[in-house]
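In: quick one, structure for this:
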Amino acid sequence: MNASMLSYILLSCVLLSVQAQKCQVNEIIRYTNHLLNESPLSCPCSETAASPCSCLPIPEPGHELACFVDGTGYMLEKNLASNGVLRMLNRSFQTQLDRNLCESLARGQKCQYNTKGNVRTFLNEILKTYRAIKK
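Out: Residues are numbered from 1 along each chain as shown. Below is the predicted model of the structure:
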């Protein structure tokens, strides 16, 4: 391995580390795990029910933050989970979106999605997204 390749690898690691800090990865994962442990239901989503079976957006790549803001906002509005943790999660997503802190997840301010899922699926999508950043 030559020196330029080593420099490239080190720079990539530093940039990923900075990206993970700006995206509040550890906090998001911790909050999301708390909410997943709190709501064991995994029923099919229902457009009419204001319950844990509600349908939430599963974002298209690059639109995660906008969809996470919308989804957690809906959960807060419908009291679908612990308000304190959910409020912190929603605020974190909104701050990241407003300040462009997590660029790879925010190509637009509008949520774009092709599918919806229940609360459990939505929370698992958050975990998957932030665990990928942490790697």
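In: any idea how far Thr95 is from Ala81?
Out: As for Ala81, its distance to Thr95 is 19 Å (criterion: CB to CB, to the nearest Å). In this view, the C-beta of every residue, glycine as well, is placed from N, C-alpha and C.
In: between the two, which has more neighbouring residues?
Out: Ala81 (21 against 14; other CB atoms under 10 Å).
In: just the element for that one, please.
Out: Assignment of secondary structure by DSSP states H and E places Ala81 within no helix or strand.
In: surely it is in contact with Phe122?
Out: No. Ala81 is not in contact with Phe122 according to CB atoms under 8 Å; the separation is 10.5 Å.
In: for the chain, which segments count as strands?
Out: 56-59, 113-117 (DSSP state E).
In: leaving out the residues flanking it, which one is nearest to Gln109?
Out: Leaving out its chain neighbours, the residue that sits closest to Gln109 by CB to CB, 6 or more residues apart in numbering is Ala66, at 5.9 Å.
In: and the one you found, what is it in contact with?
Out: 59, 97, 106, 108-112 (CB atoms under 8 Å, 6 or more residues apart in numbering).
In: top of those by neighbour count?
Out: Of the contacts of Ala66, with other CB under 10 Å as the count, Pro59 tops at 24 neighbours.
In: list the residues that contact the closest residue to it other than its chain neighbours.
Out: Of all residues not flanking Pro59 in the chain, Cys67 sits nearest, at 3.6 Å (CB to CB, 6+ apart). Neighbour list for Cys67: 57-59, 111-113 [criterion: CB under 8 Å, 6+ apart].
In: same deal with Glu27?
Out: So Glu27 contacts 88, 92 (CB under 8 Å, 6+ apart).
In: and the pLDDT for it?
Out: As predicted, Glu27 sits at a pLDDT of 93.
In: ok, Val14 next?
Out: 36.
In: could you do Leu10 as well?
Out: Residue-level pLDDT assigned to Leu10 equals 42.
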